[in-house]
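>>> Here is my input, please return the structure:
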Amino acid sequence: MKPQSDISDPRIIKALTHPLRIQILAALDERTASPSELADELGAPLGNVSYHVRQLAGLGLIKLVKRTPRRGAIEHHYKAVGRPQISDDAWAGTSATVKDAVVGAALGDLGNAVTSAAAAGGFSRPDAHLTRTQVTLDERGWKDLDNELNATLARVQKITDASAKRLAKAGQDGEQAATVVMMLFGTGDETAEAAAPSNGGTKSKKRARARA
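Numbers count the residues shown, from 1 in each chain. As a prediction, the model looks like this:
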């Protein structure tokens, strides 16, 4: 099945509105796990987790990688397929209600992850990074920043792939789990005005994007 690295299917975008699915995707992006293991980790009922795992697998966002005999049954282990990113065109055509749900689910999961990492000393390294930069942009500046972040995201993936190869040779020696977060979003009263349809019924070109 083709990895869903650039999402344009409205069904998949809608699937990302559920907070538990966001959590499952985040967990399976880091390792292989079964619904039972995910349920224990996320503190969610096994039936709910199994249902959402089936939905994510059906949409091609995760895949079955192995089956393990356990206590007279077969335990299924899954892994995320690529890193889903909603395309600009798909996001522009998504309803405000679904956008709010996707962003809310993603930010909720992100907030939990950051809080847990901070409590566990995740920012204690001297080269950890946390910045907030507020800027004033015109339309060209916004697009330039958007392009810069997309290029950085591609570079992050290349660095991650190279690290994985070195770790495989070293037997996972020196492995360091890390999270990279990038955001570009409008702030201030003008943001809501820019997102709303004008008198002519057309939507502004300005938009925010969410990545699962």
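>>> Surely residue 66 is in a strand?
Yes - inclusion of residue 66 in a strand is indicated when DSSP: H, G, I helix; E, B strand; the rest coil is applied.
>>> Grab the nearest non-local neighbour of residue 181.
residue 110 (6.5 Å; CB to CB, 6 or more residues apart in numbering). Backbone N, C-alpha and C define where each C-beta goes, glycine included.
>>> Which elements pack onto the helix or strand hosting the one you found?
For residue 110, the element it lies in under DSSP states H and E is helix 96-119. If contacts are counted by 3 or more CB pairs under 8 Å, 6 or more residues apart in numbering; DSSP states H and E, helix 96-119 sits against helix 10-15, helix 19-30.
>>> Including mean pLDDT and distance to residue 155, could those go into TSV?
Shown next, in TSV, are the helices and strands packed on helix 96-119 (pLDDT from 0 to 100; distance: least, CB to CB, whole Å):
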stretch	mean pLDDT	distance to residue 155
helix 10-15	74	25
helix 19-30	83	18
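>>> just these: most buried one?
Burial of the helices and strands packed on helix 96-119 is given as mean neighbour count (mean count of other CB atoms under 10 Å); helix 19-30 ranks first at a mean of 20.
>>> other SSEs contacting that helix?
The elements that helix 19-30 packs onto, with contact taken as 3+ CB pairs under 8 Å, 6+ apart, are helix 35-42, helix 46-58, strand 62-70, strand 73-80, helix 96-119.
>>> As a quick check, tell me the outermost residue of this protein.
Relative to the C-alpha centroid of the chain, counting by CA atoms, centre = their mean, residue 72 is the outermost residue, at 35.2 Å.
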